[in-house]
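**Q** With the sequence up front, the predicted model follows.
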Amino acid sequence: MTPKITDNLSSIPYQRKSSKEPGLTTSDLLQWSILNRTTEGEDAPKDNNHIDPEKIDPKWLDVILGKDDSVRMRECCETIQDDSKSLDEKLNALDELEMLVEQIDNANNLRPLKLWPVLLDVFTSTTEPEIKMYLAWIFGTSVQNNETAQKDFLDNGVLQPVINSLTNDKDTSVLKKIIYCLSGFLKHNAFGLKTFETLNGYEKLINTFENKKDDPVIQSRILWLLRSLLLEENEEIKISVGDYLLKTSIFEDVIEVLSNNDFNAELFEKSIQFLETYITMVPKIKSTDAYSKIKSQEMQLRIIELSNKNDSKYIIDELKKLKQLI
């Protein structure tokens, strides 16, 4: 069982001092502030009742100075662990935490603050899609262009549950953020991509594509992710992705979308762009049986017809680019 945040107080780099004596009023605080602002050249009021800073209620220090980010992160996690908190309170805490981890230092502090296990525990145990969606969002923001957080993500065993979520979760909002998380983790991350492959990540990603025929948003996001990996500057990543995709049915799956699916502008655009990139980056596909299907005049005429009906000239423009390759 994952320990509660309060069990790890000694690990927090910064925490507020608790006041052992009665807190001071706002009036006392104002007087203390005025006295301490007085310069040496000014006459300060003669008062023997100096205010001891140790007696100041910590909440007023929070008001004046603002809470340290590590404290805010810890408090956010305390909230999402607290069964007495409402769903709205937990979502507000998650929203704040996502904003905090946009800063790379805060994302890297998830490990010393021991928050990765806490977030993972909630991610794997929650039955609330909105909470799971926010957690996947936090994961993705933390690891984006951040080698340290990417390593922490792996070391804390977060990747496997995230991959599992592709096939276990049906909610579109959750899946969108799962794909966002995988994108942040896999881009520019050759080692992470190898681990993703070892954990059957490709298979689950493509199975999700095949099983989500009624969800063009998710299918579009998956194609966008795969295409972005094929366009990586890192040659090792491009080759690895291309070689692995050749072993899968994704090329035929995309052709089937264009041949049989109801017209969806975003999905058709992403499908044609994916095929164009695939053929360019993985020329070996031209020697497969699946490649002949893309040259089908019937399919191309269908796309043009649907695009004209839906006033989608840019789909036809994308198709023209593809035809130049084939």
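**A** Now that the structure is in, tell me what you want to look at.
**Q** got the contact list for Val143?
**A** Taking Cβ atoms under 8 Å, 6 or more residues apart in numbering as the criterion, Val143 is in contact with 107, 149-150, 153, 181, 184-185. Where you see a C-beta, it was placed from the backbone N, CA and C, and this is true even at glycine.
**Q** Among those, pick out the one closest to Leu175, please.
**A** Nearest to Leu175 among the contacts of Val143 is Cys181, at 10.4 Å by Cβ to Cβ.
**Q** which stretch of helix or strand covers the closest one?
**A** Assigned by DSSP states H and E, Cys181 falls within helix 172-186.
**Q** Return the list of helices and strands in contact with that helix.
**A** Judged by 3 or more Cβ pairs under 8 Å, 6 or more residues apart in numbering; DSSP states H and E, the packing partners of helix 172-186 are helix 129-143, helix 159-168, helix 190-198, helix 201-211, helix 216-230.
**Q** Same question for the first one: list its buried residues.
**A** This means helix 129-143. In terms of neighbour count (16 or more other Cβ atoms under 10 Å), helix 129-143 has its buried residues at 130-143.
**Q** try stretch 144-156
**A** 144, 146, 149-154, 156.
**Q** show me the contacts for the closest residue to Val122 other than its chain neighbours.
**A** Leaving aside its chain neighbours, Val122 sits nearest to Ile80 (5.6 Å; criterion: Cβ to Cβ, 6 or more residues apart in numbering). Neighbour list for Ile80: 90, 93-94, 122, 131 [criterion: Cβ under 8 Å, 6+ apart].
**Q** Among those, which are located in helices?
**A** 90, 93-94, 122, 131 (DSSP state H).
**Q** could you redo those as JSON lines and give each row distance to Gln300 and pLDDT?
**A** Formatted as JSON lines, the ones in helices among the contacts of Ile80 follow (distance: Cβ to Cβ, whole Å; pLDDT from 0 to 100):
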{"residue": "Lys90", "distance to Gln300": "50", "pLDDT": "97"}
{"residue": "Ala93", "distance to Gln300": "51", "pLDDT": "97"}
{"residue": "Leu94", "distance to Gln300": "46", "pLDDT": "97"}
{"residue": "Val122", "distance to Gln300": "48", "pLDDT": "97"}
{"residue": "Ile131", "distance to Gln300": "45", "pLDDT": "98"}
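**Q** Let's have the residues you listed in a markdown table, adding distance to Leu322.
**A** Output for these, formatted as a markdown table (distance: Cβ to Cβ, whole Å):
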| residue | distance to Leu322 |
| --- | --- |
| Lys90 | 46 |
| Ala93 | 46 |
| Leu94 | 41 |
| Val122 | 44 |
| Ile131 | 41 |
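**Q** Can you pick out the most distant pair from these?
**A** Within the ones in helices among the contacts of Ile80, Ala93 and Val122 form the most distant pair, 10.9 Å apart (Cβ to Cβ).
**Q** Let's see the pLDDT reported for the closest residue to Phe123 other than its chain neighbours.
**A** Distances taken as Cβ to Cβ, 6+ apart place Leu135 nearest to Phe123, at 4.5 Å, with adjacent residues excluded. Note for Leu135: predicted pLDDT of 98.
**Q** ok, Leu135 - contacts?
**A** 94, 119, 122-123, 126.
**Q** Leu229 contacts Glu236, doesn't it?
**A** No - counting by Cβ atoms under 8 Å, Leu229 stays clear of Glu236, with 11.5 Å between them.
**Q** So for the two, which residue has more residues nearby?
**A** Higher neighbour count among Leu229 and Glu236: Leu229, with 24 against 12, using other Cβ atoms under 10 Å.
**Q** any idea which residue sits dead centre in the protein?
**A** The residue lying closest to the centre of the chain (Cα atoms, centre = their mean) is Gly140, at 2.1 Å.
**Q** can you tell me which residues contact that residue?
**A** 177, 180-185.
**Q** Count the residues that sit near Lys67.
**A** Using other Cβ under 10 Å, Lys67 has 16 neighbouring residues.
**Q** oh, I was asking about Leu166
**A** Applying other Cβ under 10 Å, we find 24 other residues in the vicinity of Leu166.
**Q** Could you check how far it is from Lys323?
**A** Remark: distance between Leu166 and Lys323 (Cβ to Cβ, to the nearest Å) = 33 Å.
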